[in-house]
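S.K.: Starting from these lines, generate the structure:
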Amino acid sequence: VPNALMTAELACMMPDNGGHILWVHRAFGPFWSFLNSYATLFSLIFEGGVYPVMFMDYVAQLMGIEFSGAVRVGVGLMLLILVTLMNIRGTDLVSGASVFFTVASLGPFLLIILLGANQIDLTETVQIAPHNTKWGAFITIILWSTCGYDLVGACAGEVKDP
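M.R.: Model (predicted):
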């Protein structure tokens, strides 16, 4: 929530396309803005390559088969090309696809919750965390799950009357 509020405040205060790169430039100058932009570029390139791999792992586990390296690379490249073409076509296509993928990914969870709501036993929810918790992995996942809100500020200039 703090990251989303910070993004909303900065995007309204500086309604220009560029988001965090412009914010860093205004606060710290061109050198740090340059470093921030290239660090973001490199992290997004590497992070973008993780998603096709995760997709293939999920499909392989769901279907109970192991894909060869060539199939994994081929499907991964096709996914990257598809997403790239969607982004080139424009924000309308991306927004519609985002809504579809959100409903498709959250739909099964909502269905499971609705079907199992009468079987929930809340007495087990007030337990202390187990002793074998991997706190490093836990904190990494929490931080990774909340990053990305600041990228919404990159299109603040497109908003009418912020």
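S.K.: which helices and strands does the longest helix anywhere in the chain pack with?
M.R.: For the chain, the longest helix by residue count, based on DSSP state H, is helix 30-63. Packing partners of helix 30-63 (3 or more C-beta pairs under 8 Å, 6 or more residues apart in numbering; DSSP states H and E): helix 20-28, helix 69-89. Placement of C-beta: from N, CA and C, glycine included.
S.K.: Adding mean neighbour count, mean pLDDT and distance to Leu114, write those out as JSON lines.
M.R.: Shown next, in JSON lines, are the helices and strands packed on helix 30-63 (neighbours: other C-beta atoms under 10 Å; pLDDT from 0 to 100; distance: least, C-beta to C-beta, whole Å):
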{"stretch": "helix 20-28", "mean neighbour count": "17", "mean pLDDT": "90", "distance to Leu114": "38"}
{"stretch": "helix 69-89", "mean neighbour count": "12", "mean pLDDT": "86", "distance to Leu114": "30"}
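S.K.: Can you check which of those gets nearest to Ala156?
M.R.: helix 20-28 (8.8 Å; C-beta to C-beta).
S.K.: For that closest one, C-alpha coordinates in PDB please.
M.R.: C-alpha atoms of helix 20-28 as PDB (Å, rounded to 0.1, in the frame of the first residue of the first chain):
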ATOM      1  CA  HIS A  20      10.300   6.700 -11.500                       C
ATOM      2  CA  ILE A  21      13.000   7.700 -13.900                       C
ATOM      3  CA  LEU A  22      11.700  11.300 -14.000                       C
ATOM      4  CA  TRP A  23      11.200  11.200 -10.200                       C
ATOM      5  CA  VAL A  24      14.800  10.200  -9.600                       C
ATOM      6  CA  HIS A  25      16.000  12.800 -12.100                       C
ATOM      7  CA  ARG A  26      14.200  15.600 -10.300                       C
ATOM      8  CA  ALA A  27      15.300  14.400  -6.900                       C
ATOM      9  CA  PHE A  28      18.900  13.300  -7.500                       C
END
